[in-house]
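S.K.: could you look at this predicted model? Sequence included:
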Amino acid sequence: MQMNLGLALKLIETARAKADEIGVPMIIAVVDAGGNLVAQQKMDNALLVSIDISLNKAYTAVALQMPTHELTSLAQPSQPLFGIHNAVGGRIVIFGGGFPLKADGTIIGGIGVSGGSVEQDMDCASSATKLLAGILKR
């Protein structure tokens, strides 16, 4: 399975539905396995800063092959990845809301959500990862 526009839009729709449910306007981005944008949607009244943050969360999840919230503790002073947020022109995001998307153990892309609290962003993004898991079980 590869990331494509149809799949990206389904993932965004799921994350957007969760954002609607919790009442927080979000910006949701999906990238392919190379970190390239496939699709991005901005909900009405979402924070403009979240355009770049959501894309960079998705990119980070693919580039480092891990959810962005796992970077938080690793990127603190005296930790092994301290300063990583300055890498790649500042594109690396070290707080939650970005997840790699996998099919059969292989990363096919990433999703990034921004606009709410870190927990809300993670909730919306993880709803899309659950959808992908359900699609793969079929």
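M.R.: Nice, I can see it.

S.K.: use CA for all of it now, contacts and neighbours both
M.R.: Will do.

S.K.: and the strands in this protein?
M.R.: Per DSSP state E, the chain carries strands over the ranges 27-32, 37-42, 98-103, 106-114.

S.K.: for the second one, give the mean pLDDT please.
M.R.: I take that to be strand 37-42. In this model, strand 37-42 carries a mean pLDDT of 98.

S.K.: ok, Met1 touching Lys102?
M.R.: No: when contacts are counted by CA atoms under 8 Å, Met1 is not listed as touching Lys102 (9.1 Å).

S.K.: common neighbours of these two, please.
M.R.: Ile108 (CA atoms under 8 Å, 6 or more residues apart in numbering).

S.K.: neighbour count: the two, which is higher?
M.R.: Lys102 (21 against 10; other CA atoms under 10 Å).

S.K.: quick check: closest non-adjacent residue to that one.
M.R.: Nearest residue to Lys102, sequence neighbours excluded (CA to CA, 6 or more residues apart in numbering): Ile108, at 5.5 Å.

S.K.: and the lengthiest helix in the chain, which residues are buried?
M.R.: Assignment by DSSP state H gives helix 118-137 as the longest helix of the chain. Buried residues in helix 118-137, counted by 16 or more other CA atoms under 10 Å: 120-129, 132.

S.K.: among those, show me the least confident.
M.R.: Leu132 (92).

S.K.: now for it: which residues touch it?
M.R.: Contacts of Leu132 (CA under 8 Å, 6+ apart): 11, 101.

S.K.: please identify the most buried of the strands of the chain.
M.R.: strand 27-32 (a mean of 31; mean count of other CA atoms under 10 Å).

S.K.: what does that one rub up against?
M.R.: Against strand 27-32 from outside (CA under 8 Å, 6+ apart): 2-4, 8, 11-12, 15-16, 37-43, 46-47, 50-51, 54-55, 58-59, 108-115.
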